[in-house]
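*Asks:* predicted model, plus sequence, below.
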Amino acid sequence: MLAQNETGAVMPVAALATAARAHGAIVHTDAAQAVGKIPVSVNDLGVDLLSIAGHKCYGPKGIGALYVRRGTPLSPLVVGASQEG
């Protein structure tokens, strides 16, 4: 979690990502509370995956986005049709 929703504390995701990636981990952060409130850069954070929720930035409820850094290995839990890439 990049920013805590109740206290507003911003977590040290960049430092955590650096340490985790040094050991070969893939790093995800939930930036739903941060997007639109503080600058958010996947490159500055050093994360491989970053998710946001649409309703937190004036979008419709139930809509979200997942940033996936090129080359990050992901396997689907549910396989859909080709348009669901």
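*Replies:* Received the coordinates, thanks.

*Asks:* state the mean pLDDT of stretch 62-73.
*Replies:* Average pLDDT, stretch 62-73: 92.

*Asks:* end-to-end on that stretch?
*Replies:* Chord length of stretch 62-73, first to last residue, is 25 Å (CA to CA, to the nearest Å).

*Asks:* tell me which residues in that stretch are buried?
*Replies:* Tyr67 (16 or more other CB atoms under 10 Å). From N, CA and C alone the C-beta is placed, and that goes for glycine too.

*Asks:* residues in contact with it?
*Replies:* Residues from elsewhere that reach stretch 62-73 (CB atoms under 8 Å, 6 or more residues apart in numbering): 26, 32, 42, 47-55, 74.

*Asks:* low pLDDT regions in this structure?
*Replies:* Counting by pLDDT under 70, the chain has low-confidence residues at 84-85.

*Asks:* let's see that with 90 instead.
*Replies:* Residues of the chain meeting the criterion pLDDT under 90: 5-6, 8, 33, 35-37, 54-63, 74-85.
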